[in-house]
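J.: Pasting the sequence and the predicted model now:
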Amino acid sequence: MVDNLTQGFFGIGIQNGKTPENLGVLWRSAQNLAASFIFTIGNRYQKQACDTHKAVRAMPYFHYDTFSDFYKHLPKGALFVGVELTKKPQALETYKHPRRCVYLLEAEDNGLTNEAI
């Protein structure tokens with residue numbers, strides 16, 4: 001029997017996605033990695049991508065207008081992890097992933113915001 005109280009979870013999200021397609025890539029990545037939920041913070045596009053696979057029925061999706069709104073709603077006990085390319089990167093393969101965490105992926109053209117860092 002699985003002990004649900006000791007199981008972990010993780011969510012992944014993006015801040016200020018540049019195009020509606022970013023959300024589609026986020027859905028697919030989350031499903032491939034078996035994420036518990038996804039989220040977006042802000043956006044720079046007007047039209048939401050359509051959900052042709054009905055992914056919203058399979059995985060919780062949260063949207064926050066600002067980073068501070070997102071940060072106030074982090075799940076209790078979850079570690080916040082920013083993911084971006086840096087001059088001194090740590091490979092994801094060697095990173096010790098927390099049992100309960102929320103990953104924020106960098107925007108493809110601007111990286112993580114100063115507030116997120």
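T.: The structure has been received and is ready for your questions. Numbering: from 1, shown residues only.
J.: For residue 82, give its distance to residue 71.
T.: Counting by Cβ to Cβ, to the nearest Å, the gap from residue 82 to residue 71 is 12 Å. No exception for glycine: its C-beta is placed from N, CA and C like everyone else's.
J.: for residue 87, that is, sorry about that
T.: Taking Cβ to Cβ, one finds residue 87 at 26 Å from residue 71.
J.: the more surrounded of the two?
T.: residue 71 (15 against 4; other Cβ atoms under 10 Å).
J.: what helix or strand is that one on?
T.: Assigned by DSSP states H and E, residue 71 falls within helix 67-72.
J.: gap between that helix and the chain center?
T.: Relative to its chain's centre, helix 67-72 lies at 13 Å (Cα atoms, centre = their mean, to the nearest Å).
J.: After that helix, which helix or strand is next?
T.: Using DSSP H and E, the first helix or strand after helix 67-72 is strand 79-83.
J.: outside of that next one, which residues touch it?
T.: Contacts to strand 79-83, defined as Cβ atoms under 8 Å, 6 or more residues apart in numbering, come from residues 71, 74, 92, 98, 100-106, 112, 116-117.
J.: mind listing the helices for this protein?
T.: 20-33, 67-72 (DSSP state H).
J.: pull the CA atoms of stretch 66-73 into PDB?
T.: Written as PDB, here are the backbone C-alpha positions of stretch 66-73 (Å, rounded to 0.1, in the frame of the first residue of the first chain):
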ATOM      1  CA  THR A  66       2.000  38.500 -10.600                       C
ATOM      2  CA  PHE A  67       4.900  36.700  -9.100                       C
ATOM      3  CA  SER A  68       4.000  37.900  -5.600                       C
ATOM      4  CA  ASP A  69       0.500  36.400  -6.000                       C
ATOM      5  CA  PHE A  70       2.000  33.100  -7.100                       C
ATOM      6  CA  TYR A  71       4.500  33.100  -4.200                       C
ATOM      7  CA  LYS A  72       1.800  33.600  -1.700                       C
ATOM      8  CA  HIS A  73       0.100  30.500  -3.000                       C
END
